[in-house]
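1. Sequence plus the predicted model coming up.
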Amino acid sequence: MAVVPAITEVDMASFSPVQTVRATVVQASTIFYDTPATIDKAEKLIAEAAAYGSQIVVFPEAFIGGYPRGSRFGVAIGSRSARGREEYRKYHAAAIDVPGPEVDRLASMAGKYKVYLVMGVIERAGYTLYCTVLFFDAQGQYLGKHRKLMPTALERVIWGFGDGSSIPVFGTPVGKIGALICWENRMPLLRTAMYAKGIEIYCAPTADARDVWQSSMTHIALEGGCFVLSANQFCRRKDYPPPPDYVFEDSDDNLSPDSIVCAGGSVIISPSGSVLAGPNYDGEALISADLDFGEITRSKFDFDVVGHYSRPDILTLSVNDHPLNPVSFASTDRSDG
């Protein structure tokens, strides 16, 4: 599997995207604890989006591996339960290695349907899990990944923290593509780093279906002068295993199979703040729109957050984009003896 490094700012300047790009955000649920079936489902959705003419397809946060909504993994301050440890074991088993066979298959799907693919996954790195977004080009190459820098609340119990080495923006013929995950999008300095990398198609996979999320997405589109593509899952109780295999703790799991546990709200917003498609709260769907790249230039005439509207004489940002490893060895040629 070919791995393409993050394209540098100079390289990105050589790309001149077509004037209009058709984009689709996928609003659909994981088949929980069944990663092969979830990837099969993803392929059907990609094929449908490609048949509609989509050139970029964005999936929700944790689509492959699952967002463990309503679970506490048996955690309380000062204690963990045997049941919670077993729940983590099953969740760990549903995650994917990067690189790995599932990544190879996703790359093949992107190439088969000739789409740029942005996929939310749970990444397994040894025994630690990360909430990650993977990027693929329309030629079937894996471009790279973004690991969520700051998991929210109890997510920190089950997911590790990303570092500055995985916040890429990729220059492609359909625009400069990057992603932040869910509440990372509320981190002003992290957004500024993305704007400085020239992001044009700002992907925001999420698990937040609240109305207030729409305000954040509109603000980012206006602030960054970019297209915002936000994909969320639409899930009912029946999309998760039944009790006792999976329990929604906060509700004591008296939910009916058709109870909505995540209402979606996937949306596409233009650099002027106009809603191009969505938000959709009705069920699983493909939400699509045509992106007119002239809108980026028109919006930045008014406000270019890292250009004419910046004040580097007063305000600056320093980003540590080096990988942070817990252990380093003086030599890679070591014997275990």
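-> Received the coordinates, thanks.

2. Stretch 286-298: end-to-end distance?
-> 28 Å (CA to CA, to the nearest Å).

3. Isn't Thr38 up against Ile64?
-> Yes - with contact defined as CB atoms under 8 Å, Thr38 counts as touching Ile64 (5.4 Å). The way it works is simple: take the backbone N, C-alpha and C, and place the C-beta from them, glycine included.

4. Name the residues contacting each of those two.
-> Thr30 (CB atoms under 8 Å, 6 or more residues apart in numbering).

5. now stretch 142-154, how far from the centre of its chain.
-> 8 Å (CA atoms, centre = their mean, to the nearest Å).

6. buried ones in it?
-> Within stretch 142-154, the residues scored as buried using 16 or more other CB atoms under 10 Å are Tyr142, Leu143, Gly144, Lys145, His146, Arg147, Lys148, Leu149, Met150, Pro151, Thr152.

7. Same check on stretch 33-43?
-> Buried, per 16+ other CB under 10 Å, within stretch 33-43: Tyr33, Thr35, Thr38, Ile39, Lys41, Ala42.

8. For that stretch, give me every contacting residue.
-> 26, 28, 30-31, 59, 63-66, 90-91, 93-96, 102, 105-106, 109, 119, 241, 245.

9. Generate a ChimeraX selection restricted to the buried entries among those residues.
-> Of the contacts of stretch 33-43, the buried ones can be selected in ChimeraX as follows, counting by 16+ other CB under 10 Å:
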select :26,28,30,31,59,63,64,65,66,91,94,95,96,102,105,106,109,119
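
10. In strands only, show me the contacts of stretch 33-43.
-> Among these, DSSP state E puts Val26, Ile96, Met119 in strands.

11. Looking at these, which is nearest Gly294?
-> Nearest to Gly294, judged by CB to CB, of the ones in strands among the contacts of stretch 33-43 is Val26 at 26.2 Å.

12. Identify the residues contacting the closest one.
-> By CB under 8 Å, 6+ apart, the residues touching Val26 are Ala42, Leu45, Ala49, Val57, Val58, Phe59, Pro60, Phe63, Ala231, Ser266, Leu286.

13. With that, I have no additional questions.
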